[in-house]
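1. Turn this into a structure:
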Amino acid sequence: MWRVIKLGGVTRSEERKMASSMDLRLKQRTVIEFLTAEGCSPIEIYSRMKAVYGDMCLDVSIVRRWARRSWEENPSESTVHDQVRTGRPLSASDSKHQSRVDQLIRENRRVKQIDISIERGIFQESVHHIITNLLGHKSLEQGNTVNFTKYVNTVEKLKARLRRVRGEKVSIIHHDNARPHTSLETRTALDRLGLRTLPHPPYSPDLAPSDFFLFPKLKNYLKGNHYETDEDVKNAVLSWCRDKTADFFADSIQQVARRWRLCFERDGDYVEK
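-> Modelled structure (predicted):
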């Protein structure tokens, strides 16, 4: 079955993602409990987990809290698997979730939404809704504030460039489902500029050129270099991008077509498994 673009409700892709997040949560809690029993400090536990889980590793503040909880409780009272609850399950916007999310943010202003999602066992979109709409926080981590205006300005500059280079030929934009790309302001601007977009299924970095092609190569280029300021990093990135030929970027688009075909042949499964 092809990956579904969500129009309402919960898709099978989301269900798989949720199950995967819960499995990862349990695995990491088990690791924390085991290493705490061995006498490892929370920082040491976090460092070892970070080396294994990478970007999916829990935030250090969550590791500290679970390590402390594991140290204080008896082994027979382990909370790796939550105790059976009675009554109706909590909704994502329940006041208990809101209170806990607010506490996590106050403990660590740079905690990531994915960490909160795993900690609470709710979808990342629900975490974002709680943070921005129910708690009123404008930004969760540095550099992660959603900026619709900046993206619209970029699209307008792109349209002007395309008009100079391609004339009135039809241009199609392919971007992922990040909020600046799917906001009402952005969609209105795209319609006004006459720019079409390709639909992109949720949770599909394996089909996004920026995720499977551009960023890994850029990361490899920056790896091992030391930069004194943010401006130095920006200049290094700009220099790297300007050195790339049209063929370099064309290759990423050609890979998208191949990945679509492979995804279709696998009935919507991820192409990088």
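
2. So what does the nearest residue to Asp269 once chain neighbours are set aside have for phi and psi?
-> Spatial nearest neighbour of Asp269, excluding adjacent residues (Cβ to Cβ, 6 or more residues apart in numbering): Cys263 at 7.2 Å. Glycine gets a C-beta too; all of them are placed from N, C-alpha and C. The phi/psi pair for Cys263 (degrees, to the nearest 10) reads phi -60, psi -40.

3. Likewise for Ile173?
-> Backbone torsions of Ile173, given as degrees, to the nearest 10, read phi -100, psi 140.

4. How about it: which residues does it bridge to?
-> Under DSSP bridges, the beta-bridge partners of Ile173 are Thr197.

5. looking at it, it is touching His200, isn't it?
-> No. Judged on Cβ atoms under 8 Å, Ile173 makes no contact with His200 at a distance of 10.3 Å.

6. where does the stretch 51-200 of the chain dip in pLDDT?
-> 73-94, 107-110, 121, 136-147 (pLDDT under 70).

7. if we can go back for a sec, distance of the residue nearest to Asp269 from His200?
-> 12 Å (Cβ to Cβ, to the nearest Å).

8. Now the common contact residues for the two.
-> Leu207 (Cβ atoms under 8 Å, 6 or more residues apart in numbering).

9. Between Ile173 and His200, which contacts overlap?
-> With Cβ under 8 Å, 6+ apart as the test, Ile173 and His200 reach no residue in common.

10. Which segments of the chain make up each domain?
-> 1-81, 91-142, 146-200, 202-273 (automatic domain parsing).

11. hang on, the earlier thing: can you count the residues close to the residue nearest to Asp269?
-> 19 (other Cβ atoms under 10 Å).

12. State the distance from Gly224 to Leu104.
-> From Gly224 to Leu104 the distance is 33 Å (Cβ to Cβ).

13. what's stretch 237-251 in contact with?
-> Contacts of stretch 237-251 (Cβ under 8 Å, 6+ apart): 213, 218, 221-222.

14. Repeat that for stretch 52-63.
-> 24-25, 28, 32, 42-43, 45-46, 49-50, 66, 104, 107-108, 111-112, 114-115, 118-119.
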